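> Okay, structure incoming, though there's no sequence with it:
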(Lines give C-alpha, C1' and ligand atoms only; values in the text may rest on other atoms or scores of the structure.)
Protein backbone atom coordinates (compact mmCIF):
# COMPACT_ATOMS: atom_id res chain seq x y z
CA UNK A 1 0.00 0.00 0.00
CA UNK A 2 1.23 3.49 -0.88
CA UNK A 3 2.40 5.58 2.06
CA UNK A 4 -0.04 8.53 2.45
CA UNK A 5 2.90 10.93 2.80
CA UNK A 6 3.97 10.14 -0.78
CA UNK A 7 0.45 10.90 -2.00
CA UNK A 8 0.41 14.21 -0.09
CA UNK A 9 3.92 15.09 -1.30
CA UNK A 10 3.12 14.40 -4.97
CA UNK A 11 -0.34 16.00 -4.94
CA UNK A 12 0.78 19.21 -3.23
CA UNK A 13 3.92 19.51 -5.36
CA UNK A 14 1.95 19.11 -8.59
CA UNK A 15 -0.64 21.68 -7.43
CA UNK A 16 2.28 24.05 -6.84
CA UNK A 17 3.74 23.37 -10.27
CA UNK A 18 0.42 24.06 -12.00
CA UNK A 19 0.19 27.30 -10.00
CA UNK A 20 3.44 28.41 -11.65
CA UNK A 21 2.07 27.46 -15.07
CA UNK A 22 -0.90 29.66 -14.17
CA UNK A 23 1.51 32.52 -13.30
CA UNK A 24 3.21 32.10 -16.68
CA UNK A 25 -0.09 32.27 -18.58
CA UNK A 26 -1.31 35.33 -16.63
CA UNK A 27 1.92 37.21 -17.40
CA UNK A 28 1.97 36.52 -21.14
CA UNK A 29 -0.41 39.41 -21.73
CA UNK A 30 -0.65 41.12 -18.34
CA UNK A 31 -3.33 43.46 -17.08
CA UNK A 32 -3.84 44.72 -13.52
CA UNK A 33 -6.36 41.91 -12.87
CA UNK A 34 -4.10 39.22 -14.33
CA UNK A 35 -1.15 40.39 -12.23
CA UNK A 36 -3.33 40.25 -9.09
CA UNK A 37 -4.28 36.66 -9.97
CA UNK A 38 -0.64 35.81 -10.76
CA UNK A 39 0.40 37.04 -7.30
CA UNK A 40 -2.16 34.75 -5.63
CA UNK A 41 -1.10 31.80 -7.80
CA UNK A 42 2.61 32.38 -7.12
CA UNK A 43 2.17 32.56 -3.34
CA UNK A 44 -0.04 29.45 -3.45
CA UNK A 45 2.58 27.69 -5.61
CA UNK A 46 5.44 28.60 -3.29
CA UNK A 47 3.44 27.47 -0.24
CA UNK A 48 2.73 24.14 -1.99
CA UNK A 49 6.39 23.61 -2.86
CA UNK A 50 7.49 24.38 0.72
CA UNK A 51 4.88 21.93 2.07
CA UNK A 52 5.98 19.29 -0.46
CA UNK A 53 9.58 19.90 0.64
CA UNK A 54 8.65 19.14 4.27
CA UNK A 55 6.37 16.17 3.48
CA UNK A 56 8.77 14.64 0.93
CA UNK A 57 11.78 15.32 3.14
CA UNK A 58 10.18 13.65 6.15
CA UNK A 59 9.24 10.62 4.02
CA UNK A 60 12.71 10.44 2.46
CA UNK A 61 14.56 10.57 5.77
CA UNK A 62 12.18 8.49 7.91
CA UNK A 63 10.70 5.93 5.49
CA UNK A 64 12.51 5.76 2.15
CA UNK A 65 16.00 5.22 3.54
CA UNK A 66 15.03 2.31 5.78
CA UNK A 67 12.21 0.62 3.80
CA UNK A 68 12.36 1.47 0.09
CA UNK A 69 16.03 2.12 -0.67
CA UNK A 70 17.27 -1.34 0.49
CA UNK A 71 14.65 -3.07 -1.69
CA UNK A 72 15.59 -1.05 -4.79
CA UNK A 73 19.34 -1.36 -4.18
CA UNK A 74 19.00 -5.12 -3.72
CA UNK A 75 17.43 -5.53 -7.16
CA UNK A 76 18.60 -5.28 -10.77
CA UNK A 77 17.09 -1.79 -10.78
CA UNK A 78 19.54 -0.32 -8.26
CA UNK A 79 20.29 2.49 -10.75
CA UNK A 80 16.82 3.80 -9.86
CA UNK A 81 18.21 4.84 -6.49
CA UNK A 82 21.82 5.55 -7.37
CA UNK A 83 20.95 7.80 -10.31
CA UNK A 84 17.27 8.80 -10.38
CA UNK A 85 16.63 9.27 -6.64
CA UNK A 86 19.96 10.98 -6.05
CA UNK A 87 19.30 13.45 -8.89
CA UNK A 88 15.68 14.00 -7.80
CA UNK A 89 16.40 14.71 -4.15
CA UNK A 90 19.10 17.25 -4.98
CA UNK A 91 17.63 19.01 -8.03
CA UNK A 92 14.39 19.46 -6.04
CA UNK A 93 16.30 21.90 -3.82
CA UNK A 94 16.49 24.32 -6.78
CA UNK A 95 12.69 24.72 -6.90
CA UNK A 96 11.97 26.69 -3.68
CA UNK A 97 14.81 29.09 -4.56
CA UNK A 98 13.44 29.72 -8.08
CA UNK A 99 9.86 29.99 -6.82
CA UNK A 100 10.93 32.60 -4.24
CA UNK A 101 12.45 34.71 -7.03
CA UNK A 102 9.19 34.57 -9.03
CA UNK A 103 7.07 35.58 -6.02
CA UNK A 104 9.45 38.44 -5.23
CA UNK A 105 9.36 39.72 -8.84
CA UNK A 106 5.56 39.83 -8.73
CA UNK A 107 5.41 41.71 -5.42
CA UNK A 108 8.36 44.01 -6.15
CA UNK A 109 7.08 45.21 -9.53
CA UNK A 110 3.33 44.51 -9.26
CA UNK A 111 1.45 46.34 -11.99
CA UNK A 112 4.78 47.76 -13.15
CA UNK A 113 5.32 44.41 -14.88
CA UNK A 114 3.03 45.67 -17.65
CA UNK A 115 5.72 48.18 -18.68
CA UNK A 116 8.90 46.56 -17.34
CA UNK A 117 9.54 43.93 -20.00
CA UNK A 118 12.79 42.58 -18.53
CA UNK A 119 11.19 41.91 -15.15
CA UNK A 120 8.10 40.36 -16.77
CA UNK A 121 10.19 38.13 -19.04
CA UNK A 122 12.24 37.07 -16.00
CA UNK A 123 9.07 36.08 -14.10
CA UNK A 124 7.68 34.26 -17.17
CA UNK A 125 10.93 32.35 -17.85
CA UNK A 126 11.44 31.38 -14.21
CA UNK A 127 7.81 30.32 -13.74
CA UNK A 128 8.18 28.15 -16.86
CA UNK A 129 11.45 26.75 -15.51
CA UNK A 130 9.80 25.84 -12.18
CA UNK A 131 7.02 24.06 -14.10
CA UNK A 132 9.36 22.12 -16.45
CA UNK A 133 11.94 21.25 -13.81
CA UNK A 134 9.20 20.28 -11.37
CA UNK A 135 7.51 17.93 -13.79
CA UNK A 136 10.87 16.38 -14.69
CA UNK A 137 11.23 15.66 -10.97
CA UNK A 138 7.66 14.27 -10.85
CA UNK A 139 8.64 11.95 -13.71
CA UNK A 140 11.63 10.78 -11.68
CA UNK A 141 9.24 10.06 -8.80
CA UNK A 142 7.19 7.84 -11.12
CA UNK A 143 10.37 5.98 -12.17
CA UNK A 144 11.29 5.42 -8.51
CA UNK A 145 7.81 4.03 -7.74
CA UNK A 146 8.08 1.72 -10.78
CA UNK A 147 11.57 0.65 -9.70
CA UNK A 148 10.26 -0.26 -6.25
CA UNK A 149 7.38 -2.28 -7.73
CA UNK A 150 9.79 -3.99 -10.13
CA UNK A 151 12.08 -4.92 -7.22
CA UNK A 152 9.16 -6.32 -5.22
CA UNK A 153 7.69 -8.27 -8.14
CA UNK A 154 11.08 -9.69 -9.11
CA UNK A 155 11.16 -11.20 -5.63
CA UNK A 156 14.82 -10.55 -5.27
CA UNK A 157 14.57 -9.33 -1.71
CA UNK B 1 13.68 43.72 -2.13
CA UNK B 2 16.51 44.04 -4.62
CA UNK B 3 15.62 41.81 -7.62
CA UNK B 4 19.13 41.83 -9.10
CA UNK B 5 20.64 40.73 -5.78
CA UNK B 6 17.95 38.07 -5.34
CA UNK B 7 18.49 36.65 -8.83
CA UNK B 8 22.27 36.51 -8.32
CA UNK B 9 21.86 35.00 -4.85
CA UNK B 10 19.58 32.34 -6.36
CA UNK B 11 22.17 31.50 -9.04
CA UNK B 12 25.01 31.18 -6.52
CA UNK B 13 22.85 29.17 -4.09
CA UNK B 14 21.93 26.67 -6.83
CA UNK B 15 25.58 26.34 -7.85
CA UNK B 16 26.47 25.77 -4.18
CA UNK B 17 23.80 23.05 -3.90
CA UNK B 18 25.40 21.27 -6.88
CA UNK B 19 28.90 21.67 -5.40
CA UNK B 20 27.75 20.43 -1.99
CA UNK B 21 25.99 17.45 -3.62
CA UNK B 22 29.07 16.35 -5.56
CA UNK B 23 31.47 17.29 -2.76
CA UNK B 24 29.54 15.23 -0.21
CA UNK B 25 29.86 12.14 -2.42
CA UNK B 26 33.58 12.66 -2.97
CA UNK B 27 34.52 13.50 0.62
CA UNK B 28 33.00 11.36 3.36
CA UNK B 29 34.01 13.86 6.04
CA UNK B 30 32.02 16.61 4.29
CA UNK B 31 28.99 14.29 4.08
CA UNK B 32 29.32 13.61 7.81
CA UNK B 33 29.54 17.33 8.48
CA UNK B 34 26.33 17.92 6.48
CA UNK B 35 24.70 15.04 8.34
CA UNK B 36 25.60 16.60 11.67
CA UNK B 37 23.47 19.66 10.83
CA UNK B 38 20.11 17.90 10.89
CA UNK B 39 20.77 14.21 11.31
CA UNK B 40 20.90 13.52 7.54
CA UNK B 41 23.10 14.97 4.79
CA UNK B 42 20.04 15.96 2.71
CA UNK B 43 18.62 17.96 5.63
CA UNK B 44 22.04 19.57 5.99
CA UNK B 45 21.98 20.62 2.34
CA UNK B 46 18.41 21.89 2.69
CA UNK B 47 19.27 24.02 5.74
CA UNK B 48 22.46 25.32 4.12
CA UNK B 49 20.60 26.25 0.91
CA UNK B 50 18.19 28.44 2.91
CA UNK B 51 21.04 29.93 4.95
CA UNK B 52 23.23 30.75 1.94
CA UNK B 53 20.30 32.10 -0.08
CA UNK B 54 19.65 34.60 2.72
CA UNK B 55 23.31 35.49 3.34
CA UNK B 56 24.15 35.82 -0.36
CA UNK B 57 21.11 38.04 -0.90
CA UNK B 58 22.29 40.39 1.86
CA UNK B 59 25.82 40.46 0.40
CA UNK B 60 24.66 41.13 -3.18
CA UNK B 61 22.07 43.69 -2.02
CA UNK B 62 24.85 45.62 -0.30
CA UNK B 63 27.05 45.79 -3.37
CA UNK B 64 24.69 45.96 -6.36
CA UNK B 65 22.03 48.34 -7.66
CA UNK B 66 18.46 47.05 -7.91
CA UNK B 67 18.08 47.39 -11.69
CA UNK B 68 17.36 43.88 -12.95
CA UNK B 69 18.68 43.01 -16.40
CA UNK B 70 18.03 39.97 -18.56
CA UNK B 71 21.73 39.14 -18.18
CA UNK B 72 21.03 38.24 -14.54
CA UNK B 73 18.03 36.15 -15.58
CA UNK B 74 20.06 34.18 -18.13
CA UNK B 75 22.85 33.75 -15.58
CA UNK B 76 20.32 32.13 -13.24
CA UNK B 77 18.75 29.94 -15.94
CA UNK B 78 22.20 28.89 -17.20
CA UNK B 79 23.27 28.03 -13.65
CA UNK B 80 20.15 25.88 -13.15
CA UNK B 81 20.81 23.95 -16.38
CA UNK B 82 24.55 23.47 -15.76
CA UNK B 83 24.07 22.55 -12.08
CA UNK B 84 21.33 20.05 -12.92
CA UNK B 85 23.47 18.49 -15.67
CA UNK B 86 26.51 18.36 -13.37
CA UNK B 87 24.52 16.44 -10.74
CA UNK B 88 23.02 14.09 -13.36
CA UNK B 89 26.36 13.36 -15.07
CA UNK B 90 28.10 12.85 -11.72
CA UNK B 91 25.60 10.22 -10.56
CA UNK B 92 25.53 8.48 -13.96
CA UNK B 93 29.33 8.17 -13.87
CA UNK B 94 29.39 7.05 -10.22
CA UNK B 95 26.37 4.68 -10.25
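Nice, I can see it. Since the model is a prediction, treat every value here as computed from it, not as a measurement.

> Any idea how many residues pack against residue A:74?
13 (other Cβ atoms under 10 Å in any protein chain shown). Backbone N, C-alpha and C define where each C-beta goes, glycine included.

> oh sorry, the question was meant for residue A:117
Residues near residue A:117, counting by other Cβ under 10 Å, number 10.

> Check the gap between it and residue A:5 for me.
Between residue A:117 and residue A:5 the computed distance is 42 Å (Cβ to Cβ, to the nearest Å).

> Kindly report the same for residue A:111.
For residue A:111, the distance to residue A:5 equals 40 Å [Cβ to Cβ].

> From residue B:55, how far out is residue B:75?
Distance from residue B:75 to residue B:55, by Cβ to Cβ: 19 Å.

> which secondary structure elements does the helix or strand bottoming out on mean pLDDT in chain B contact?
One helix or strand of chain B scores below all others by mean pLDDT, DSSP states H and E: helix B:28-38, with a mean of 92. Judged by 3 or more Cβ pairs under 8 Å, 6 or more residues apart in numbering or on different chains; DSSP states H and E, helix B:28-38 is in contact with helix B:3-26, helix B:41-63.

> Now distance to chain A, mean neighbour count and mean pLDDT too, for the ones you listed, in a markdown table please.
Listed next are the helices and strands packed on helix B:28-38 as a markdown table, based on distance: least, Cβ to the nearest Cβ, whole Å; neighbours: other Cβ atoms under 10 Å in any protein chain shown; pLDDT from 0 to 100:
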| stretch | distance to chain A | mean neighbour count | mean pLDDT |
| --- | --- | --- | --- |
| helix B:3-26 | 4 | 21 | 96 |
| helix B:41-63 | 5 | 17 | 95 |
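
> could you redo those helices as a markdown table and give each row distance to residue A:133?
Supplementary listing: those in a markdown table, determined by distance: least, Cβ to Cβ, whole Å:
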| stretch | distance to residue A:133 |
| --- | --- |
| helix B:3-26 | 11 |
| helix B:41-63 | 15 |
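
> Let's see the pLDDT reported for residue A:156.
Predicted confidence (pLDDT) at residue A:156: the value is 53.

> From what I see, residue A:45 and residue A:100 are in contact.
No. The criterion here is Cβ atoms under 8 Å, and residue A:45 misses it with residue A:100 at 10.7 Å.

> out of those two, which sits in the more crowded spot?
Applying other Cβ under 10 Å to residue A:45 and residue A:100 shows that residue A:45 carries more neighbours, namely 28 against 22.

> after the helix or strand where that one lies, next one along is what?
Applying DSSP states H and E as the criterion places residue A:45 in helix A:32-59. Per DSSP H and E, helix A:32-59 leads on to helix A:69-73 as the next helix or strand towards the C-terminus.

> That next one - what's its average pLDDT?
91.

> so what does that helix touch, helix or strand wise?
helix A:117-154.

> Just give me how far the helix it packs on sits from the chain centre.
6 Å (Cα atoms, centre = their mean, to the nearest Å).

> Report the buried residues of that helix.
A:118-120, A:122-131, A:133-134, A:137, A:140-141, A:143-144, A:147-148, A:150-151 (16 or more other Cβ atoms under 10 Å in any protein chain shown).

> out of those, which touch chain B?
A:118-119, A:122, A:125-126, A:129, A:133 (Cβ under 8 Å from any Cβ of the partner chain).

> For residue B:3, give me its contacts.
Counting by Cβ atoms under 8 Å, 6 or more residues apart in numbering or on different chains, residue B:3 makes contact with A:101, A:104-105, A:108-109, A:119, A:122, B:66, B:68.

> could you redo the last one with a cut-off of 6 Å?
By Cβ atoms under 6 Å, 6 or more residues apart in numbering or on different chains, the contact set of residue B:3 is A:108, B:68.

> Kind regards, and thank you for your time.
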